[in-house]
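Asker: Sequence and computational prediction follow.
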Amino acid sequence: MTERSAFSSALADAASVLARGGDLDSRLAALVSQVHDATGAQATVLYLVDGATADLLAVAADGVPADDLGRLSETSPTGVASRAVASRRTEVAEAAGTDESLGHVGGPAGLRHVMAVPLVTADTSGGEEVEGALVVGFASERTSGSDPLLDAFADLLAVAVRQARLERALIERSDWFDRLAHTDGLTGLANRRTFDRLLELELARALRQGSALSLALFRVDGIARHGGDAGSADELLRRIASTVADSVRIVDTAARFGPAEFAVVAPGSAGWNVAQRVVAAVGALEGSDGSATPISAGVAQFPEQGNTAEALLAAAVEALESAPGGSVGTGIPTPRSA
């Protein structure tokens, strides 16, 4: 096989590793092994920059004992890998058997030449970022300080790392949008849209299982006056939301129902008891004027007071409107124990 065809074959194998996907550690280990075999290296170590500490961590190797790799990951190396990352160009160390980049204990025996190639990626604006360094040790002298094959492998390794980071960023962004779509931005509780959907789902389950379902609505009166200025009112709403969430059972779902209204979907027949706990806990909170928080509640239960979301909501609203301040209104004949 000619040198050109060997070069092409090595890169084709590396591209195949990237195309197949899989977890980052497996892809990096496979690529490092390919570098080791394709270059005839004595030892190969891949370092990545730790985003939190900026240290270089050894994440994959070939020709280096596993115990040495663990030691390399404990501290940032002082050898050729660090110089390559700092300079963003290939660095060379002659007769480097003791170079820290290939082992604190002296590295593999017989090393005469070590090359470190930085893993550099660029964004669309032209900005560059160094992801790490590929360090390769050889038993013989090298006639040049550069190697097109090592440069190509370093680029592919950089692509693998950047691809994994972009995938992680996309997942995190998707999770953020998902939370944003389902939660109230001020209180962190479920928003009205999520509440409506959840109520429908819980009603369907209660109907399917022949079980009860309670819906409690809460209203805090005079929130702007009670909370003081806008910032204080928002803080009071957050405190109320946190108190509501802490007062319900693990099976219940609390939501922000309106500007100063909250709702709790409570599977089973314990809605009145849950509402009593919420009213007592929230009523004990002090506003900016030092007075207790004025809260009322209304409870409705499926199937006695409605077998649809609309009917259950209407019953809970009616109970809320008829409830004196600081109490729980309910049309349920006999509130049952939790």
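Answerer: Ah, there it is. Numbering: from 1, shown residues only.

Asker: For the stretch 151-300 of the chain, which segments are assigned as strands?
Answerer: With DSSP state E, counting those that start in this stretch as the criterion, the stretch 151-300 of the chain has strands at 213-220, 253-258, 261-267, 295-302.

Asker: okay if I get these as JSON lines plus mean pLDDT?
Answerer: JSON lines is the format used below for the strands of the stretch 151-300 of the chain (pLDDT from 0 to 100):
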{"stretch": "strand 213-220", "mean pLDDT": "93"}
{"stretch": "strand 253-258", "mean pLDDT": "93"}
{"stretch": "strand 261-267", "mean pLDDT": "94"}
{"stretch": "strand 295-302", "mean pLDDT": "92"}
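
Asker: Redo these as CSV? Include distance to residue 57.
Answerer: From N, CA and C alone the C-beta is placed, and that goes for glycine too. Formatted as CSV, the strands of the stretch 151-300 of the chain follow (distance: least, Cβ to Cβ, whole Å):
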stretch, distance to residue 57
strand 213-220, 51
strand 253-258, 42
strand 261-267, 47
strand 295-302, 53
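
Asker: closest one to residue 80 among those strands?
Answerer: strand 253-258 (57.1 Å; Cβ to Cβ).

Asker: can you give me how far the closest one is from the chain middle?
Answerer: Per Cα atoms, centre = their mean, to the nearest Å, the displacement of strand 253-258 from the mean C-alpha position of its chain is 24 Å.

Asker: do the same with stretch 9-19
Answerer: With Cα atoms, centre = their mean, you get 30 Å for stretch 9-19.

Asker: swap in stretch 159-178?
Answerer: 9 Å.

Asker: what's that stretch in contact with?
Answerer: For stretch 159-178, the external contacting residues (Cβ atoms under 8 Å, 6 or more residues apart in numbering) are 17, 18, 24, 27, 28, 31, 48, 119, 121, 131, 132.

Asker: Find the nearest non-adjacent residue to the third one, please.
Answerer: Right, residue 24. Nearest residue to residue 24 in three dimensions, chain neighbours excluded: residue 164, at 4.1 Å (Cβ to Cβ, 6 or more residues apart in numbering).

Asker: same question, the last one
Answerer: Sequence neighbours aside, residue 48 is the residue nearest to residue 132 in space, at 3.9 Å (criterion: Cβ to Cβ, 6+ apart).

Asker: Beyond whichever strand or helix holds the one you found, next helix or strand please.
Answerer: Element membership for residue 48, per DSSP states H and E: strand 43-49. For strand 43-49, the succeeding helix or strand toward the C-terminus, using DSSP H and E, is strand 56-62.

Asker: What strands line up against that next one, and which way round?
Answerer: strand 43-49 (antiparallel) (DSSP bridges).

Asker: per-residue confidence averaged over the partner strand?
Answerer: Strand 43-49 carries an average pLDDT of 88.

Asker: Buried residues in it, which are they?
Answerer: 43, 44, 45, 46, 47, 48, 49 (16 or more other Cβ atoms under 10 Å).

Asker: Is the third one in contact with residue 116, as I believe?
Answerer: No. In this structure, residue 45 sits apart from residue 116 without contact. The criterion is Cβ atoms under 8 Å, and the distance is 9.2 Å.

Asker: circling back to that earlier point, can you tell me how far the residue nearest to residue 132 is from residue 82?
Answerer: Relative to residue 82, residue 48 is positioned 13 Å away (Cβ to Cβ, to the nearest Å).

Asker: Also residue 264?
Answerer: Where residue 82 is concerned, residue 264 sits at a distance of 57 Å (Cβ to Cβ).

Asker: Counting neighbours, go ahead and name the busier of those two.
Answerer: residue 264 (27 against 19; other Cβ atoms under 10 Å).

Asker: Mind listing the residues bridging to that one?
Answerer: residue 216, residue 254.

Asker: Next, the contact list for it, please.
Answerer: Here residue 264 is in contact with 215-216, 218, 244, 248, 252-255, 271, 274-275, 278 (criterion: Cβ under 8 Å, 6+ apart).
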